[in-house]
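A.B. asks: Next come a sequence and a model predicted from it.
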Amino acid sequence: MVSGLAAGAWLGAAEAPTKLVTLGISPFLISLGMVAGVFVARWTVPTLMKGTGYVFVDLRSKAHLIVWGVLGGALWAVANTLTVFAIRDVGLSIAFPLWNVNCLVGIFWGWFFFRELRGAGKKEQAKVLGGAVAIAGGAVLLAYASSVAPASVSSHASAGILAALGAGLLWGTMYIPYRKAYLSGMNPLSFVTVFTVGELGTVAALALVFRGGLQPVLHELVKARPALFWLFLGGFCWVLGDLFQQYAAKYIGIGRGIPLSNTNQVWGLAWGVLVFGELAGRGAAAETTVIAGSLVMILGAVSISSAVAPAAEQASWGEAVERECARYQLDRDQVFRAQSGEDVMAARTRGWRWWDALIVAMAVSIFAWLALGAQRPVIAVDAGWIAALLAGTLILLLAGGVLLWKRTRFS
């Protein structure tokens, strides 16, 4: 649960750099820049925490999950690109809660494929289903809020709403590979390493196809050089949030972990309203509707996350684990021990290698090089609120990281 809350904070912070789309930078280029940052961070963070040797041993023992990780990354890349279009057309504070309907999709897949909610009592099922209805209702309110905004805000509000909902659908489906990986006992650090291959490959292909080939993309990258640091930084924040989300999905399932991480809408609303002043000039009706819709969705997520899995449902989860073990000839004892938080791969690895230090040094060098050429975007922001929101995200990073280390050694 702590991992889910920390995920919400960091996933919310990661979307702030996408406001650069309002400066005329292509959504495909913004998505490419963020995913490049994600690629660098997703190799660096697991290397720091466990070492590449650990990651590759884990991947070799569950090689059937590599293709699932790449597929999940591809879904993420398309969804992330859609979010940039949504932010451009309806703003961060409205688009954010709309694409968080992904938790509804995740709840369905969790029930359909992985036996989540099977065996849960009526009270727990009511919490989950009632929360789902609240989230859908909040999304409707937020969609309505964009229709009462001034016409000068965007002439493509409908397209922005559809883009946000499409991103939610893809992100909700992306959780199928997540759950398959963790029912098989894979470490989240290993899974995200292959996940990022699908991300970078897909978003690069999108940029090349829709921007007219390699030369135009390279030209735009050179032109956007002063903004690339902020996009890389957004990608790095996303990795931290997604890692926490992965641990939440592993230990409490996608039906509960994903709605809890969807508290990122609170952070997205805070960044959009408090830092960027997105509701300024929209009138009291739009402001009230956005706040009401967000609160309804938050209450829905709280309801879902409070539905603790009883023994009968946990036994049903065990049946899903048994199915994965039988299908892929996995060591049943190791998989169940990994499910409980034990680091079963530690004895089969030899710690950090010299090339791990090289990977980290290269990542730091890339960020330093981009920082040297960075310029402050010409976007009005509130520095006080930036400091307050960053302080909150760092506190949750520390709390979640310490708790995961004590309980699971990041397994």
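C.D. replies: The structure has been received and is ready for your questions. Keep in mind that this is a model prediction, so the values were computed, not measured.
A.B. asks: all contacts plus neighbour counts: C-alpha atoms, from now on.
C.D. replies: Fine.
A.B. asks: So what touches stretch 171-185?
C.D. replies: For stretch 171-185, the external contacting residues (CA atoms under 8 Å, 6 or more residues apart in numbering) are 62, 65, 68-69, 71-73, 75-76, 79, 101-106, 109-110, 114, 188, 191, 246, 249-250, 253-254, 320-321, 324-325, 330, 334-336, 338-339.
A.B. asks: what residues are up against residue 232?
C.D. replies: For residue 232, counting by CA under 8 Å, 6+ apart, the contacting residues are 33-38, 367.
A.B. asks: Tell me, please, the helix or strand in the chain that averages the lowest pLDDT.
C.D. replies: helix 92-99 (a mean of 73; mean pLDDT, DSSP states H and E).
A.B. asks: which of the residues in stretch 178-198 are buried?
C.D. replies: Within stretch 178-198, the residues that count as buried by 16 or more other CA atoms under 10 Å are 178-198.
A.B. asks: still on that earlier bit, to the chain's geometric centre, what's the distance from the least confident helix or strand of the chain?
C.D. replies: Between the centre of helix 92-99 and the centre of its host chain there is 14 Å, according to CA atoms, centre = their mean, to the nearest Å.
A.B. asks: Quick check: phi and psi at the spatially most central residue of the chain.
C.D. replies: Of all residues in the chain, the one closest to the mean position by CA atoms, centre = their mean is residue 242, 4.4 Å from it. Residue 242 adopts backbone torsions of phi -70, psi -30, taken as degrees, to the nearest 10.
A.B. asks: quick one: it and residue 7 touch, right?
C.D. replies: Yes - using CA atoms under 8 Å, residue 242 is in contact with residue 7, at 6.2 Å.
A.B. asks: Contacts only, for residue 316.
C.D. replies: Contacts of residue 316 (CA under 8 Å, 6+ apart): 115-116, 118-119.
A.B. asks: Can you report the mean pLDDT over the residues of stretch 131-141?
C.D. replies: Averaging pLDDT along stretch 131-141 gives 79.
A.B. asks: Using PDB, write down the CA coordinates of that stretch.
C.D. replies: Presented in PDB, the C-alpha positions along stretch 131-141 are these (Å, rounded to 0.1, in the frame of the first residue of the first chain):
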ATOM      1  CA  GLY A 131     -15.000   2.300  -6.200                       C
ATOM      2  CA  ALA A 132     -15.000   1.400  -9.900                       C
ATOM      3  CA  VAL A 133     -18.400   3.100 -10.400                       C
ATOM      4  CA  ALA A 134     -17.100   6.200  -8.500                       C
ATOM      5  CA  ILE A 135     -14.000   6.400 -10.800                       C
ATOM      6  CA  ALA A 136     -16.200   6.200 -13.900                       C
ATOM      7  CA  GLY A 137     -18.500   8.900 -12.500                       C
ATOM      8  CA  GLY A 138     -15.600  11.100 -11.700                       C
ATOM      9  CA  ALA A 139     -14.300  10.700 -15.300                       C
ATOM     10  CA  VAL A 140     -17.600  11.800 -16.700                       C
ATOM     11  CA  LEU A 141     -17.600  14.900 -14.500                       C
END
